[in-house]
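Student: how would this look folded up:
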Amino acid sequence: MSNAFLVPQICALIELRGFGDIGEWNYFLRVELDAEGLAEYVLGPASAVPEPDKETAVPDAHKAWRLARARAMQILCSTLRRQDVIARLQSSGWDPNNMDPAYLYQLVWKVFGSHSYSRWCRIGKP
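Tutor: Okay, the predicted model is just below:
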């Protein structure tokens, strides 16, 4: 009998293609965000990781928040490259100047998976 080793698999983000693959898209996005320690910037409400006060926060706290939020947005946007997906988001009121990744994530669910959104939000919660 041989010893079994758990071999980590490389997680590859997938592009959202539309309504039919939102569950798969969401799974791989969550895995990547969790691995990067950025899930709370995307999966929580907009205030899940509040902006530190520039005047009273620990030095560099605001910069770290801004960079983590930007990296989370970068990961999310890397999965939203298809023109048909972008067009549907734009026609649904996407504000490209809103750089909050939680806002964009919630809009994606509203447009492509609103019937599944609450089910996915409950996964892993009692």
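Student: got the contact list for stretch 19-29?
Tutor: Stretch 19-29 is contacted from outside by 11-17, 42, 75-76, 79, 108-109, 112-113, 116, 120, using C-beta atoms under 8 Å, 6 or more residues apart in numbering. No exception for glycine: its C-beta is placed from N, CA and C like everyone else's.
Student: Buried subset of the residues you listed as a PyMOL selection?
Tutor: Buried residues among the contacts of stretch 19-29 (16 or more other C-beta atoms under 10 Å), as a PyMOL selection:
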select buried, resi 16+42+75+76+79+108+109+112+113+120
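Student: before we move on, which element is the residue nearest the centre of the chain in?
Tutor: In the chain, the residue lying closest to the centroid (C-alpha atoms, centre = their mean) is Val42, at 4.1 Å. Element membership for Val42, per DSSP states H and E: helix 39-43.
Student: counting contacts, what elements does that helix pack onto?
Tutor: helix 22-36, helix 61-77, helix 101-112 (3 or more C-beta pairs under 8 Å, 6 or more residues apart in numbering; DSSP states H and E).
Student: mind giving me CSV with these and columns for distance to Ser91 and mean pLDDT?
Tutor: Output for the helices and strands packed on helix 39-43, formatted as CSV (distance: least, C-beta to C-beta, whole Å; pLDDT from 0 to 100):
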stretch, distance to Ser91, mean pLDDT
helix 22-36, 17, 94
helix 61-77, 18, 94
helix 101-112, 9, 95
